[in-house]
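J.: Make a model of this:
(one chain, ligands or ions: 1)
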Amino acid sequence: MRAPIDPLLAVSNLAGPIAGSLLKIDGQHSFSARFFALLDLGEAVLKYAAAIAFALVTQANASQAVEVVELFKRPPTLGKIVERLRKILADSSAPTMWPMNLVNEAFYRQNGKQTPAARYLFEEFIAIRNSERGHGAQQPEGYYEERYVKNRSILEDIALSTDLFSASLVHVHSIDHHIEQYSYKVTRLMGAFPIGIAEPIITPKKVRMHSTCLWDKAERLLPLDDFVVYRFCKHCSTEHTFFADSITDNLVNLQSYPGSHRMDAKRL
Ligand SMILES: [Zn+2]
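T.: Below is the predicted model of the structure:
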């Protein structure tokens with residue numbers, strides 16, 4: 001048995017879009033509901049990693065940029081997102097600067113072999129998810145209990161022990177100038193609740209107002225553009241993170257797992 005730990009504390013250093021999915025699981029009473037919430041967690045983990053790689057290649061105008069833009073013109077399946085992520089990881093011309101090193105380390109070892117997380121997520125998880133999604137809980141609870149118990153600890157360990165998922169995620173809510181540099185006031189989007197940070201981020205890096213960015217806790221910021229956004233949600237009347245489901249010239253269709261909320265929004 002694991003020692004009981006406060007679930008809010010356990011996810012406090014986990015990126016918000018993943019933390020929310022992890023916390024939602026324990027709020028479910030039945031094993032079928034927990035199992036389907038666990039599938040959401042696996043999808044969130046994959047989409048978050050892919051979003052970081054996609055933001056990097058499109059900003060670097062790298063060889064995969066056109067394919068990524070094309071991919072999101074219609075809502076891509078999870079399989080297509082993962083296929084594109086794996087192509088970027090296998091592309092020796094892809095950008096290697098931070099945070100791409102974190103994406104690479106999450107899925108590949110130094111010797112080029114896949115990590116256990118990659119083997120599980122790319123193969124086993126996708127197979128389970130594709131065979132169980134698309135129809136409701138049609139099996140007895142014992143069926144879901146077995147699958148839930150088997151996959152819970154694997155996915156939870158991947159979420160909590162991968163450096164990529166504990167890299168700081170912030171939302172820029174004000175921009176100022178600071179001696180030839182920029183000064184950004186940000187909200188930290190880690191764990192269960194967004195928290196405003198009093199100290200501004202001072203950096204030469206220019207990002208747009210309302211950008212949602214990975215931050216290396218020094219001068220580097222990577223805006224996740226439309227792939228991960230923090231917006232006011234009209235369904236729950238509060239701000240939270242979303243993943244892009246599709247991106248057209250002007251609009252991004254957003255989805256969020258914890259409340260199953262979807263909406264269209266203007267692009268940044
Ligand atoms: Zn909402």
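
J.: is it fair to say A37 lies in a helix?
T.: Yes - counting by DSSP: H, G, I helix; E, B strand; the rest coil, A37 is located in a helix.

J.: show me what contacts I201?
T.: 170, 183-184, 186, 215, 221 (C-beta atoms under 8 Å, 6 or more residues apart in numbering). Every residue, glycine included, has its C-beta placed from N, CA and C.

J.: In strands, which of these appear?
T.: Applying DSSP state E to the contacts of I201, the entries found in strands are 170, 183-184, 186, 215, 221.

J.: What pLDDT is listed against A198?
T.: According to the prediction, A198 has pLDDT 94.

J.: what about whichever residue of the stretch 51-200 of the chain sits closest to the ion, neighbour count?
T.: As assessed by C-beta to the ion, the ion sits closest to P194 within the stretch 51-200 of the chain, at 13.0 Å. If you count neighbours by other C-beta atoms under 10 Å, P194 ends up with 19.

J.: Hmm, it is touching P17, no?
T.: No - P194 sits out of contact with P17 when judged by C-beta atoms under 8 Å, with a separation of 11.5 Å.

J.: What residues does this protein have near the ion?
T.: Within the chain, the positions near the ion by C-beta under 5 Å from the ion are 233, 235-236, 259, 261.

J.: From those residues, list the buried ones, please.
T.: C233 (16 or more other C-beta atoms under 10 Å).

J.: Can you pick out the most distant pair from the residues of the chain next to the ion?
T.: The largest separation in the residues of the chain next to the ion, counting by C-beta to C-beta, is between C233 and G259 at 7.6 Å.

J.: any common contacting residues for these two?
T.: The contact lists of C233 and G259 share H240, where a contact means C-beta under 8 Å, 6+ apart.

J.: before we move on, the earlier item: whichever of the contacts of I201 end up buried, select them in ChimeraX.
T.: Only the buried entries of the contacts of I201 go into this ChimeraX selection, using 16+ other C-beta under 10 Å:
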select :170,184,186,215,221
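
J.: so how far is the ion from the residue most central in space within the chain?
T.: With distances taken as C-alpha atoms, centre = their mean, Y48 lies nearest the centre of the chain, 2.1 Å away. Separation of Y48 from the ion (C-beta to the ion, to the nearest Å): 17 Å.

J.: which residues sit in contact with that residue?
T.: 15, 17-18, 165, 228, 243.

J.: In three-state terms, how would it be classified?
T.: helix.

J.: And Y48, how far from L160?
T.: Applying C-beta to C-beta, to the nearest Å, the value for Y48 to L160 is 14 Å.

J.: now P258
T.: 17 Å.

J.: And the strands in the protein, which stretches?
T.: Using DSSP E, strands in the chain cover 168-178, 181-188, 195-196, 201-203, 212-215, 221-223, 228-233, 238-247, 251-256, 261-266.

J.: and among the ones you listed, the most buried is which?
T.: strand 212-215 (a mean of 25; mean count of other C-beta atoms under 10 Å).

J.: So what touches it?
T.: 52, 99, 167-172, 186, 189, 201, 207, 221-224, 228-230, 241.

J.: Which residues does the residue of the chain found nearest the ion form beta bridges with?
T.: Nearest residue of the chain to the ion (C-beta to the ion) works out as C233 at 3.1 Å. Under DSSP bridges, the beta-bridge partners of C233 are T238.

J.: Could you dump the contacts of I201 into CSV with pLDDT added?
T.: As requested, these are exported to CSV (pLDDT from 0 to 100):
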residue, pLDDT
V170, 98
S183, 98
Y184, 98
V186, 98
W215, 98
L221, 98
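
J.: In CSV: the contacts of I201, plus distance to P140.
T.: Listed next are the contacts of I201 as CSV, based on distance: C-beta to C-beta, whole Å:
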residue, distance to P140
V170, 44
S183, 58
Y184, 52
V186, 47
W215, 46
L221, 49
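
J.: So what touches stretch 177-197?
T.: By C-beta under 8 Å, 6+ apart, the residues outside stretch 177-197 that reach it are 8, 11-17, 19-20, 23, 166, 168-176, 200-207, 212-213, 215, 221, 230, 239-241.

J.: how does this structure divide up, domain by domain?
T.: Domains of the chain are assigned by automatic domain parsing as 7-166, 168-266.
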